[in-house]
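*Asks:* pasted the sequence and its predicted model underneath.
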Amino acid sequence: MNRIRVRQLWFAATLLLSLFLMLIPLPGPLTPFKPYWPALILLYWCLQSGDRVTLGMAFCLGVGADLFDGVLLGEQALRLTAMVFIALRFRSRLRFFPMWQQALAVLALLLNDRVLLLLIRVLGGDPVPPAEYWISPFVGAALWPFVFLILDDLRARLRIHET
Amino acid sequence: MALNRDDKSPLFAPGVAGTLRLIVYLALACVLMVLDHRGGWLANVRYGLSIVIEPVYRIAGLPSQGFQAATVAFADRQRLTEQNQRLREDLLLANAKLNRMASVAEQNQRLKELLDTQHSLSLNVQLARLVGVDLGPFRHRIVLNLGARDKVQQGQVVIDARGVMGQIVDVMPTTSVAMLITDPNHAIPVTIERTGLRTVAYGSRAGDMLTLPTIPVSADVQAGDKLVTSGLGGRFPPGFPVGEIRDVAQTASGTFLSAQAKPAADLDRSEDVLLLHDLAEPAGPPSLAPEAGPPASMAPDPNAPPAAPTPAPTLPSVTSPTTSRVAPARASTAGSTP
């Protein structure tokens, strides 16, 4: 019973941490290199324990991120829902990929996410963003092995295994 | 029990039901976005939830604050001394200028009273600090640590020591969000200081520059020209520096000149900013001046031809000194009407 609670707490804590990481600014010239943290953490949980991540949860996380972001309510909700749907559909395959293939898959998912964001912004009347807009998915994919291994290691250390 | 197990079966979980749920959630998100885009009620929701959002902003701002504290703490003595010396010199220079300005300002006040205009040179400002929070990629917005409790209102102008930074777009109880002048959705009415040409400076796609896409081809615009706010539109008070033109080129269609300008304010370095409290004068003609002059009984016959304009061309040498002194002030007040 206690172990389940710890697991849920750990799950919620990582998601909250991803929102904080999204809000913390990087120093000026590094800003375009910032990865989309909520997506990375959600993808980890999708692959690790797919029954816990549902579309509704991704939607709620997205709405929360939108509230912090304060730009357009529903934008990140749509992006995260779409991403989690794709990841859950291919979950059983993605889990058994070697790490570099997994990173490539993550890159594809993040690029798809950026395309969605571009569509939303252009439909909303914003101008097309500059070329640096496309850097972030590559940084996210490069960080993916580290995110995955660190979170997995922490999970093992906290002995929060699946029962 | 059996149904439950069927639902969780990994073999059939992402089926038709999953797609249906996806469509429902996507539609919900689209509805939210459209409603928000049309109605703009996200601000109200955020105001309601500010009890959660504001502490998160403060916590998320801690790392950048700590980073700054660390740079100050570990900066070497040499650099701090140099910086101190430079600031002292700046202060001395500014004070000297201020002392000279004081007499000029007084003179200006008297002249303005004579001319019966209501501009004032005094500033009513409030000091605000930035909260280091990143509001998404390619969004030119900053978070300030003052809010509705400090009487901050939407539309207030944010400036720093060098020029205009932006305006408040979103107010929460103890924080507020300002849009920078470099945001692609932002436009600010400016005049070119050297020639008095009025135009509009928009934010640019790439971020740290302003674009002025609609300058007439015949206009005299050069790199190095200073831009100041024109006060049109009633949002930005006139006379604040906005930027400096870097290059001028013809647009692709050839109907306009398009210029790039660098903002005068330190948009990505300022830590302390000023919030202007008095907004620009309301648009429209000024109110009627009170009646002055000789009583109406002494007025000349209204049918007689006006006498005032005729002597000017005949006596240019006598009238020119007085008119040249009054003309700029008149021109600046009258120039905003057409």
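*Replies:* Received the coordinates, thanks. Numbering: from 1, shown residues only, chains lettered A, B, ... in the order given.

*Asks:* and the pLDDT at residue A:73?
*Replies:* Note for residue A:73: predicted pLDDT of 84.

*Asks:* then the one 10 residues further on?
*Replies:* We note a pLDDT of 92 for residue A:83 in this prediction.

*Asks:* surely it meets residue A:42?
*Replies:* Yes - taking Cβ atoms under 8 Å as the definition, residue A:83 is a contact partner of residue A:42 at 7.1 Å. All C-beta spots, glycine's among them, are computed from the backbone N, C-alpha and C.

*Asks:* name the nearest residue to residue B:47, sequence neighbours excluded.
*Replies:* residue B:172 (5.8 Å; Cβ to Cβ, 6 or more residues apart in numbering or on different chains).

*Asks:* how far away is residue B:125 from chain A?
*Replies:* For residue B:125, the distance to chain A (Cβ to the nearest Cβ, to the nearest Å) stands at 25 Å.

*Asks:* what residues does that residue make contact with?
*Replies:* Shown in contact with residue B:125 (Cβ atoms under 8 Å, 6 or more residues apart in numbering or on different chains): B:159, B:274-277.

*Asks:* which ones among these are found in strands?
*Replies:* Assigned to strands by DSSP state E, the following of the contacts of residue B:125 qualify: B:159, B:274-276.

*Asks:* reformat these as JSON lines; add pLDDT, distance to residue A:6 and neighbour count.
*Replies:* Below are those laid out as JSON lines (pLDDT from 0 to 100; distance: Cβ to Cβ, whole Å; neighbours: other Cβ atoms under 10 Å in any protein chain shown):
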{"residue": "B:159", "pLDDT": "87", "distance to residue A:6": "51", "neighbour count": "23"}
{"residue": "B:274", "pLDDT": "86", "distance to residue A:6": "49", "neighbour count": "17"}
{"residue": "B:275", "pLDDT": "88", "distance to residue A:6": "46", "neighbour count": "23"}
{"residue": "B:276", "pLDDT": "85", "distance to residue A:6": "52", "neighbour count": "19"}
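
*Asks:* now list whatever residues contact both of residue A:83 and residue A:42.
*Replies:* The contact lists of residue A:83 and residue A:42 share residue A:58, where a contact means Cβ under 8 Å, 6+ apart.

*Asks:* in three-state terms, label residue B:167 for me.
*Replies:* Judged by DSSP: H, G, I helix; E, B strand; the rest coil, the three-state class of residue B:167 is strand.

*Asks:* tell me if I'm right that it and residue B:177 touch.
*Replies:* No - contact status for residue B:167 versus residue B:177: not in contact, 10.4 Å apart, counting by Cβ under 8 Å.

*Asks:* which one's more surrounded, those two?
*Replies:* For residue B:167 versus residue B:177, neighbours defined as other Cβ atoms under 10 Å in any protein chain shown are more numerous around residue B:177 (25 against 21).

*Asks:* any idea which helix or strand carries that one?
*Replies:* According to DSSP states H and E, residue B:177 maps onto strand B:176-180.

*Asks:* partners of the helix or strand following that strand in the sheet?
*Replies:* As assigned by DSSP H and E, the chain's next helix or strand after strand B:176-180 is strand B:187-192. When pairing is defined by DSSP bridges, strand B:187-192 lines up against strand B:198-203 (antiparallel), strand B:226-229 (antiparallel).

*Asks:* number of residues surrounding residue A:135?
*Replies:* Neighbours around residue A:135, by other Cβ under 10 Å: 15.
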